[in-house]
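J.: Here is a sequence with its predicted model. Questions after.
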Amino acid sequence: MSKPLVDLANISKTFGTGDTVVRALDNVSLSVGAGEVVGLKGPSGSGKSTLLNVVACILAPDSGRFEIDGEAIWDGSYRISDLRRLRRERIGFIFQFHNLLPFLDAVDNVALAMTLAGTERTAARKRARELLDYLQVGKRADAMPSRLSGGEAQRVAIARALANRPRIILADEPTAALDSERARVVMDLLRQVAVEQSAAVLVVTHDEKIFDRFDRMVSLRDGRIESAT
Amino acid sequence: MNLALADIRHNLARFLMTSVGLGLLMGVALAMVGIYQGVVSEALALSRSMRADLWVVESGTRGPFAESSRIPGDVREIVARLPGVVASGGITLQTVEAASTRGPLRVQIIGFEPGRPGGPQAVEAGRLLGGSRYEIIADARARLPLGSTIGIGNDLYTVVGTTRGLVASGGDPLIFMSLKDSQAIQFQLAPPAARRAIAAGGGSGGTDTVNAVIARLADGADADKVATLTTRWKHLSALTDAEQSDLLTRSVVNRARVQLGIFTVVLLFVSAVIIALIIYTMTMDKLREIATLKLIGATDGTIIGLVLQQALILGGTGFVSGVALVFLVRDGFPRTVELGPEEIAFMALVTTGICILGSLLSIRAALRIDPQQALGG
Ligand SMILES: Nc1ncnc2c1ncn2[C@@H]1O[C@H](COP(=O)(O)OP(=O)(O)OP(=O)(O)O)[C@@H](O)[C@H]1O
Ligand SMILES: [Mg+2]
């Protein structure tokens, strides 16, 4: 296998101090290669979201180091200054709570991610509609987020994460609000993106129905990697 | 897509309510500026309407507006003969409580000799004064219709003409009448002791007393030079029109002007604080959205743009509703609200400045928002 796209080594992260200290990540090492779709499971509070946030440079770890696409991102401190540009251009994040902007309709929520990265608006909206169509929410394209069902909002958020064709896709329970048929559509899309864009896909999930869709499953418990299959 | 506009549209009702509320505040601030300008122009309205180049008054006084001045009526003949003077006329000036059908009415009476300087240039309705007595021209602010009568002193006067915008520096409407009538009123209303002295032919020199003699000069005549000439008579001195205007704005209405000025500044300051607070609340209400924007990689520029544009849109709508409000109610105001394009442009500039300053705090807060705040339920 070529050099991994995401490469974490001995990442630790604690929250709080004294009596309330929580070791959310404890010496986690993990790599995801290009074209690979990796599942991340574990009980609630085991550190799954924390791990994704570290990779997305939303949360600075306490120790360890990690690289993205061969570029050192963190080793005691951030090695790059423009983290938002990194997020904008190279990382697609599907949040556990969809985080759509309430004042933009579905298409514009997706298109915004592209215009922020410099895509011209008409082109951005065109691609946004295509993505929404593919995710079977095309007919809700003009709806405001407050009018979307949980599953629809989740798929709009997925479209937004994929809009800029990122090399790294992080998804926090992307199928939680979906029926198994639509969950499959989402997993197929993530697989397709992994292959076509040779992207690394890291998906947190509790959903046993889709465990077979991953190249491998990583299991977290109390911030430690318990097993990798 | 414009994020600022999209967010406003999303909360349109609330935004409009905020704007209208702000509009009320801006309206009051604008009205203050308008009244401030109005006081200045009202102070000058009278002296401008008389088109006097020179005011000859009692020596040692700066009359007739700033100080009381009394000179014999025949001074106008002296003034008329001064080189450069083309016309001159004596005027009286006194504030009285007149008896109108609606109750007492405070007016300023200008007595002048019809055909000589001192009267209004034109009337809005009716006619100018002829030679008859007991006729007056009243300013619209006195709300005396043509043909109506008011009692001043012991006599009844009939309105034969009306003017607009001619008020005394205190805001009282002007009433013009013949010099003879006004002198009679001055005599009737004088305290008994003074009256006896005047009747006896002593005191301040008979019943033909005026407060000032105004003169129009020939084109090219030097007002200062003519003014110096009058000092040959020990009991006279003269003010040029420029000096009179200066006196009126600097000293006669100075207190009112300073008061209004302070009020305006205080109001602008209050508006600034309120705008800053509204923008801050609007920004903090979007904490999660701003954090999300950062999560999906929006630059600081995008976020500053969002806050600043909303501040300016808010200020803009507030300002427009404020202007609309002032124009809607200004005719009902007891004093002139003079809000011209210059004042509006000036206030628009001030509002823009206030909005930009008011959003600085919010921009700082927005830039400090941690993207993590968008995570979690
Ligand atoms: N910002 C924070 N401050 C303090 N503690 C935190 C914070 N974020 C996470 N934690 C704690 O770190 C641990 C790991 O949290 P994390 O959100 O990563 O769990 P998770 O595996 O994603 O759980 P879930 O399946 O419920 O989403 C938990 O004990 C949590 O309480
Ligand atoms: Mg989680």
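T.: Thanks, I have the structure now. Ligands and ions are numbered 1, 2, ... in the order given.
J.: which stretches of chain A form strands?
T.: Counting by DSSP state E, chain A has these strands, from start to end: A:6-15, A:22-32, A:37-41, A:63-68, A:71-75, A:91-94, A:168-172, A:200-204, A:216-221, A:224-228.
J.: One more: the stretch 101-250 of chain B?
T.: B:103-112, B:125-126, B:135-139, B:149-152, B:155-163, B:174-178, B:209-210, B:212-217, B:236-240 (DSSP state E, counting those that start in this stretch).
J.: Which secondary structure state does whatever residue of chain B ends up closest to chain A sit in?
T.: At 2.6 Å from chain A, residue B:297 is the closest residue in chain B, using CB to the nearest CB. Just so you know, the C-beta spots here come from the backbone N, C-alpha and C atoms, and that holds for glycine as well. Secondary structure, DSSP: H, G, I helix; E, B strand; the rest coil: residue B:297 is coil.
J.: Same check on the one 4 residues further on?
T.: For residue B:301, the assignment made with three-state DSSP gives helix.
J.: my guess is residue A:95 meets residue B:375, correct?
T.: Yes: using CB atoms under 8 Å, residue A:95 makes contact with residue B:375 at a distance of 6.5 Å.
J.: which neighbours do the two share?
T.: residue B:295 (CB atoms under 8 Å, 6 or more residues apart in numbering or on different chains).
J.: Tell me where the model's unsure across the chain.
T.: If you meant another chain, say so; for now it's chain A. Residues of chain A meeting the criterion pLDDT under 70: A:1-2, A:228-229.
J.: wait, I meant chain B there
T.: Counting by pLDDT under 70, chain B has low-confidence residues at B:193-206, B:252, B:376-377.
J.: Close to chain A: what parts of it are there?
T.: B:1, B:3, B:6-7, B:9-11, B:288-289, B:292-299, B:302, B:371-372, B:374-377 (CB under 8 Å from any CB of the partner chain).
J.: Just those: which are in helices?
T.: B:3, B:6-7, B:9-10, B:288-289, B:292-295, B:302 (DSSP state H).
J.: among those residues, which are in reach of ligand 1?
T.: By CB under 6 Å from any ligand atom, no member of these lies near ligand 1.
J.: of those, buried ones?
T.: B:3, B:6-7, B:10, B:288-289, B:292-295, B:302 (16 or more other CB atoms under 10 Å in any protein chain shown).
J.: Pick the one among those closest to residue A:199.
T.: Comparing these against residue A:199 with CB to CB places residue B:295 closest, at 18.8 Å.
J.: ok so, going back, can you lay out the strands of the stretch 101-250 of chain B as TSV showing mean neighbour count and distance to residue A:116?
T.: Output for these, formatted as TSV (neighbours: other CB atoms under 10 Å in any protein chain shown; distance: least, CB to CB, whole Å):
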stretch	mean neighbour count	distance to residue A:116
strand B:103-112	20	67
strand B:125-126	16	66
strand B:135-139	26	63
strand B:149-152	19	74
strand B:155-163	19	64
strand B:174-178	25	66
strand B:209-210	24	79
strand B:212-217	26	72
strand B:236-240	22	67
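J.: picking up where we left off before, nearest to residue B:137, of the buried ones among the ones in helices among the residues of chain B next to chain A?
T.: residue B:7 (58.7 Å).
J.: Report the contact partners of the closest residue to chain B within chain A.
T.: Ranked by CB to the nearest CB, the top residue of chain A for proximity to chain B is residue A:88, at 2.6 Å. Residues near residue A:88 by CB under 8 Å, 6+ apart: A:113, A:116-117, A:164, B:296-298.
J.: And the residue nearest the centre of chain A?
T.: Chain A has residue A:170 as the residue nearest its centroid, 1.7 Å off, counting by CA atoms, centre = their mean.
J.: ok, what's across the strand from the closest residue to residue B:116 other than its chain neighbours?
T.: Nearest residue to residue B:116 in three dimensions, chain neighbours excluded: residue B:89, at 3.1 Å (CB to CB, 6 or more residues apart in numbering or on different chains). For residue B:89, the beta-bridge partners are residue B:214 (DSSP bridges).
J.: I figured residue B:274 was touching residue B:22, is that so?
T.: Yes: counting by CB under 8 Å, residue B:22 is a contact partner of residue B:274 at 7.0 Å.
J.: Could you chop chain B up by domain?
T.: B:3-42+B:255-374, B:54-220 (automatic domain parsing).
J.: Which parts of the stretch 51-200 of chain B are helices?
T.: Remark: helices assigned in the stretch 51-200 of chain B by DSSP state H, counting those that start in this stretch are B:75-80, B:179-189, B:192-199.
J.: can you list those helices in JSON lines and add distance to residue B:151 and mean neighbour count?
T.: JSON lines is the format used below for the helices of the stretch 51-200 of chain B (distance: least, CB to CB, whole Å; neighbours: other CB atoms under 10 Å in any protein chain shown):
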{"stretch": "helix B:75-80", "distance to residue B:151": "29", "mean neighbour count": "20"}
{"stretch": "helix B:179-189", "distance to residue B:151": "11", "mean neighbour count": "20"}
{"stretch": "helix B:192-199", "distance to residue B:151": "19", "mean neighbour count": "12"}
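J.: how close does the closest residue to residue B:62 other than its chain neighbours sit to residue A:26?
T.: Once flanking residues are discounted, residue B:62 sits nearest to residue B:247: 5.9 Å by CB to CB, 6+ apart. Going from residue B:247 to residue A:26 by CB to CB, to the nearest Å gives 86 Å.
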